[in-house]
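Engineer: Just a sequence and a predicted model for now, questions to come.
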Amino acid sequence: MPPKSPGVLRSVVTGVGGFLPDRIVTNDELSRIVDTSDEWIRERTGIRQRRQAADDTPVSDLAVEAARRALAAAGRTPQDVDLIVVATTTPDLTFPATATIVQRKLGCPVGIAFDVQAVCSGFVYALSVADGFVARDRSKCALVIGAETMTRLMDWTDRGTCVLFGDGAGAVVLEPGEGEGTTADRGLLGFALRADGTKQELLYVDGGVSTNRQTGYLRMQGNQVFRHAVVNISEAVTAAAADAGVAVPEVDWFIPHQANQRILEGVARRLGIDENKVISTVAEHANTSAASIPLALDEGVKDGRIRPGQLLLLEAMGGGLTWGACVLRL
Ligand code: ACO
């Protein structure tokens, strides 16, 4: 008998969870605050409503709820968790990291916990970072969470931005699993991460602890961001698929960052992706930044469209500019 070839360790998604705050803010409600309309917002963005966390709810509370649901889906408890990576642009405090606050609130044992800041691309970046622990056997049970209270960064007099964003959190549990080193393996199979700091002025927050000691407000040149999004995301998707060794049409589900329905459709058209394979939650959630991909994943899993064994492609672009994509088999 030939010796069995050593397996390849993969980071496998074993549980998914999402959490949205109760309060729904409709487009009509926003049209009473700024000069906009339900019709304009729906036509230009596909957004019909967004959620808003209560003033006394910190982002860690949203993250904890999403994490609890992901752990339950994985059949794990907080006691099992040895790594927490939170992707957020809206942390509870300047420090400590929101991940350590989540660790305390969940009651996880001493382990590794830190935040990743890559704005709307944060969840894809965080998955890649966590993969560096799990697929090297340095974590047996990792929580990767995207959690945001983006409504706190809004200038409620700027109709070009305040209608676009919402609050929420999504989480996955990653555990090591042995694969054969083929694309049939379950787990994270390929990544493409990108950043271009020269495009900062297109999308940024005009405050920060080391600049003016303010939180600041989100500023954006929407049409420029839009133009870069379709081109950049398409390139990253192609590169991540090549890294994983799969062809884009093989993918069962595309789970994009949910910024704008027209961006989702533009990317799908450019890559020749069947629109029925695209998970879209932008109408109900709006743009929840780093939370949008795990929230969309959670929705697809919960409603039975996304099933174990399927090939998924996640992609995002956000402030930085940062962008990236990830291929995984559930
Ligand atoms: N209601 C009514 N009118 C509006 C609104 C609004 N909420 N917002 C802007 N307008 C007006 C503008 O003032 C402008 O009026 P003017 O022609 O009289 O000056 C007009 O609409 C056109 O403005 P544009 O910015 O050119 O409109 P556009 O068609 O590009 O749509 C939008 C704007 C929706 C922001 C679009 O550019 C977009 O979605 N961009 C992507 C931005 C994004 O999603 N960023 C999130 C982070 S990055 C990411 O996640 C990919």
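Structural biologist: Structure's in. What do you need? As the structure is a computational prediction, the values presented were derived from the model and not from experiment. Numbering: from 1, shown residues only.
Engineer: Which SSE is immediately downstream of the helix or strand containing residue 50?
Structural biologist: Here residue 50, judged by DSSP states H and E, is contained in strand 49-51. Next helix or strand after strand 49-51 toward the C-terminus (DSSP H and E): helix 59-74.
Engineer: Can you pull up the residues of the chain that come close to the ligand?
Structural biologist: Residues of the chain lying close to the ligand by Cβ under 6 Å from any ligand atom are 36, 40-41, 44-45, 120, 159-160, 163-164, 203, 220, 222-223, 225-226, 229, 257, 259-260, 263, 287, 317-318. Where you see a C-beta, it was placed from the backbone N, CA and C, and this is true even at glycine.
Engineer: Just those: which are in strands?
Structural biologist: Among those, the ones falling in strands (DSSP state E) are 203, 220, 317-318.
Engineer: on that earlier part again, in its sheet, which strands sit next to the strand holding residue 50, and in what direction?
Structural biologist: Within its sheet, strand 49-51 is paired with strand 24-26 (antiparallel), according to DSSP bridges.
Engineer: from the chain's centre, how far out does the strand it pairs with sit?
Structural biologist: 21 Å (Cα atoms, centre = their mean, to the nearest Å).
Engineer: Return the set of buried residues in whichever helix or strand comes after that strand.
Structural biologist: Per DSSP H and E, the first helix or strand lying C-terminal to strand 24-26 is helix 27-30. Using 16 or more other Cβ atoms under 10 Å as the test for burial, helix 27-30 gives 27, 30.
Engineer: So which elements touch helix 27-30?
Structural biologist: With contacts taken as 3 or more Cβ pairs under 8 Å, 6 or more residues apart in numbering; DSSP states H and E, helix 27-30 sits against helix 38-45.
Engineer: Could you list the domains of the chain?
Structural biologist: As given by automatic domain parsing, the domain ranges for the chain are 8-179, 187-329.
Engineer: In CSV: these, plus mean pLDDT.
Structural biologist: Below are the domains of the chain laid out as CSV (pLDDT from 0 to 100):
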stretch, mean pLDDT
domain 8-179, 98
domain 187-329, 97
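Engineer: for the closest residue to residue 64 other than its chain neighbours, what are its contacts?
Structural biologist: For residue 64, ignoring the flanking residues on the chain, the nearest one in space by Cβ to Cβ, 6 or more residues apart in numbering is residue 105 at 4.8 Å. Neighbour list for residue 105: 60-61, 64 [criterion: Cβ atoms under 8 Å, 6 or more residues apart in numbering].
Engineer: Which single one of those residues is nearest to the ligand?
Structural biologist: Closest approach between those and the ligand, by Cβ to the nearest ligand atom: residue 60, at 22.7 Å.
Engineer: Shouldn't residue 291 be within a helix?
Structural biologist: Yes. Counting by DSSP: H, G, I helix; E, B strand; the rest coil, residue 291 falls inside a helix.
Engineer: in terms of contact, does it touch residue 170 like I think?
Structural biologist: Yes. Using Cβ atoms under 8 Å, residue 291 is in contact with residue 170, at 5.1 Å.
Engineer: Common neighbours of the two, please.
Structural biologist: 66, 123, 146-147.
Engineer: so which pair among those is furthest apart in space?
Structural biologist: Taking Cβ to Cβ as the measure, the shared contacts of residue 291 and residue 170 span a maximum distance of 11.4 Å, between 66 and 123.
Engineer: which neighbours do the two share?
Structural biologist: 170, 291, 294.
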